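A.B. asks: Can you look at this prediction? I've put the sequence above it.
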Amino acid sequence: MSESDARIARRVRISGKVQGVWFRAWTVEQANALGLDGWVRNRLDGSVEAVVSGAPAVVEAFIERCHGGSPASRVDRVEVEDTPGIVAAGFAQKPTV
């Protein structure tokens, strides 16, 4: 597998004012624009969680965008961890957990 064919997956947890400010829909737009697979959902603790899978540089670009967030959001913290990345093709919004 060449480096350009490599895929990684990351679980991203975003905290701050990220619920009720169009953050999930914005995340779907960003991931689709970058051609990433995965999902995003609100958490009951007020954070937003996403799993994203794709080429390493593209996943990192998505994570960088998460630091800024949607126009009405305020991002206080972005936590990132490796994950197996077993996700369906495309990027979806999931229900709150």
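C.D. replies: Sure thing, it's come through.

A.B. asks: these two touch, right, P95 and W39?
C.D. replies: No. With contact defined as Cβ atoms under 8 Å, P95 does not reach W39; the gap is 10.3 Å. Using the backbone N, CA and C atoms, a C-beta is placed for each residue, glycine as well.

A.B. asks: Who has more neighbours out of these two?
C.D. replies: Neighbour comparison, P95 and W39: the larger count goes to W39, with 20 against 6 (by other Cβ atoms under 10 Å).

A.B. asks: On the three-state scheme, the more buried one is what?
C.D. replies: For W39, the assignment made with DSSP: H, G, I helix; E, B strand; the rest coil gives strand.

A.B. asks: Give the bridge partners for it, please.
C.D. replies: V51, A92 (DSSP bridges).

A.B. asks: from memory it sits against A50, does it?
C.D. replies: Yes. In this structure, W39 is within contact of A50 by Cβ under 8 Å, at 6.8 Å.

A.B. asks: Low-confidence regions, the protein specifically.
C.D. replies: 1-4 (pLDDT under 70).

A.B. asks: list the contacts for the residue sitting nearest the centre point of the chain?
C.D. replies: Centroid check for the chain by Cα atoms, centre = their mean gives A50 as the closest residue, at 4.0 Å. With contacts defined as Cβ atoms under 8 Å, 6 or more residues apart in numbering, the neighbours of A50 are 11-12, 14, 27, 31, 38-41, 66.
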